[in-house]
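# what follows is a predicted protein model with its sequence.
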Amino acid sequence: MNLPIPSPMASDTSAFAAGAAYVDGVYMPLSEARIPVTDWGYRRSDVVYDVVSVWDGSFFRIDDHLKRFRASMEFSRLVPAESDDDIRAILHKLVALAGLREAYVAMDCVRGRPAPGTQYHPKNARPYLIAYAIPFIWLMKPEIIERGAHMVIASTPRIPESSVNARAKNFHWADMTAALFEADEQGADNPILLDAAGNVTEGPGYNVFCITNGVVATPDRNVLGGITRLSVIELCAELGLPCEVRDVSVEELRDADEILVSSTAGGPIGVSRLDGRILNNDRPGPLTQKLRETYWEKRKQGWHGEPVDYTTV
Ligand SMILES: Cc1ncc(COP(=O)(O)O)c(C=O)c1O
């Protein structure tokens, strides 16, 4: 498809300083972006999404994010008008409009609303694309990342993937939201959720790794295929650390030497406490730090990077 012509506001870059958005074919300042209250994206969480980061003027693994976004859409039978090439061009333009060197760039495909007069069924809706670029968001405050996150195991289990496919990045966050409140009520920063059998899954916005006797392990079931998780797995290979992708029991997590989480919103982040147990003298562990430093060092060098085209505006 031909990309839509930017709205008149697009030439006034200052209006985009807080962020730039694209809603169903039209560019606008973030503050003007809306969806109708009747949209199933809102009323039914009938939406899939992805988030790619920009650091130092460069997208990270944008191909992987576009591929995952398309797979999430296909799984949910959401087909927007835009091709992957269109979406890539839109994301570049949004970052350029907002004038950001470090950005959090989201893309959503919402169901829309079944056309009036038709059966009230999602097949009768016209899905559409929403995207926006805003200043980079850290998963946790920098001082927490520095000292290591204080985590708890949530009593709320992760919704089973037999009910909601965790690999299709979705808005079914009731379990995550309950777990976030649990962590807060216990004075912790963030939760880790288990499945019904007591295996580790993930947390709100991140995958989980543990390290025992130099061996790294991360769960494979009931989790999103995180792009940062993939990056950590690649870094382990590069650093000569064995990394196993398999079930991880809660006992293994509790006894681990090191724990880390991985997210687009911050890369690999160390955990210094789990349910009050202190790990590594209350700091992120040494292998975690190595992974974290290598991740950011390589990103600075353009690893899996695609420079933002700032000439599009
Ligand atoms: C549930 C969940 N798991 C894992 C992740 C981490 O994925 P990524 O590394 O692609 O950001 C996210 C990211 O938002 C998430 O929402």
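Looks like it arrived, so ask away.

# skipping its backbone neighbours, what lies nearest residue 113 in space?
Leaving aside its chain neighbours, residue 113 sits nearest to residue 38 (5.0 Å; criterion: Cβ to Cβ, 6 or more residues apart in numbering). For the C-beta atoms, the positions are set from N, CA and C on the backbone; glycine is no exception.

# measure stretch 187-203 end to end?
Stretch 187-203 has an end-to-end distance of 17 Å (Cα to Cα, to the nearest Å).

# give me the mean pLDDT for that stretch.
Average pLDDT, stretch 187-203: 98.

# for stretch 105-119, same thing?
97.

# CA atoms only: put it into PDB for me.
This file holds the C-alpha atoms of stretch 105-119, laid out as PDB (Å, rounded to 0.1, in the frame of the first residue of the first chain):
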ATOM      1  CA  VAL A 105       8.400   2.200  19.700                       C
ATOM      2  CA  ALA A 106       5.100   0.300  20.000                       C
ATOM      3  CA  MET A 107       3.000  -1.300  17.300                       C
ATOM      4  CA  ASP A 108      -0.500  -2.600  18.000                       C
ATOM      5  CA  CYS A 109      -3.000  -4.300  15.800                       C
ATOM      6  CA  VAL A 110      -6.500  -3.900  17.200                       C
ATOM      7  CA  ARG A 111      -9.600  -5.700  16.100                       C
ATOM      8  CA  GLY A 112     -11.800  -2.700  15.500                       C
ATOM      9  CA  ARG A 113     -15.500  -3.200  15.800                       C
ATOM     10  CA  PRO A 114     -17.900  -5.600  14.100                       C
ATOM     11  CA  ALA A 115     -19.700  -3.500  11.400                       C
ATOM     12  CA  PRO A 116     -23.100  -2.300  12.500                       C
ATOM     13  CA  GLY A 117     -25.900  -4.600  11.200                       C
ATOM     14  CA  THR A 118     -23.600  -7.700  11.100                       C
ATOM     15  CA  GLN A 119     -23.300 -10.600  13.500                       C
END
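
# now it: buried residues?
For stretch 105-119, a neighbour-count test (16 or more other Cβ atoms under 10 Å) marks 105, 106, 107, 108, 109, 110, 111, 112, 113, 114 as buried.

# now the residue nearest to residue 113: phi and psi?
phi -90, psi 0 (degrees, to the nearest 10).

# test my guess that it contacts residue 114.
No - under the criterion of Cβ atoms under 8 Å, residue 38 makes no contact with residue 114, lying 9.4 Å away.

# which among the buried residues of stretch 105-119 gets closest to residue 17?
Distance to residue 17 across the buried residues of stretch 105-119 (Cβ to Cβ) is lowest for residue 105, with 15.8 Å.

# looking at the protein, which residue reaches furthest from the middle?
residue 117 (36.9 Å; Cα atoms, centre = their mean).

# which residues sit in contact with it?
Residues near residue 117 by Cβ atoms under 8 Å, 6 or more residues apart in numbering: none.

# burial of the residue nearest to residue 113, as a residue count?
Using other Cβ atoms under 10 Å, the number of residues around residue 38 comes to 11.

# how close does it sit to residue 48?
Going from residue 38 to residue 48 by Cβ to Cβ, to the nearest Å gives 19 Å.

# so which residues on the protein come close to the ligand?
Proximity of the chain to the ligand is confined to 51, 202, 205-207, 224, 226-229, 262-264 under the rule Cβ under 6 Å from any ligand atom.

# in the protein, where is pLDDT below threshold?
1-13 (pLDDT under 70).

# try it again with 90
Flagging of the chain using pLDDT under 90 yields the residue ranges 1-14, 17, 312-313.

# specify the residue ranges that define each domain of it.
Following automatic domain parsing, one finds the domains of the chain at 8-137, 142-300.

# can you confirm residue 232 is in a helix?
Yes - counting by DSSP: H, G, I helix; E, B strand; the rest coil, one finds residue 232 located in a helix.

# check the stretch 1-150 of the chain for the residue nearest the ligand and tell me.
Closest to the ligand within the stretch 1-150 of the chain is residue 51: 5.9 Å, counting by Cβ to the nearest ligand atom.
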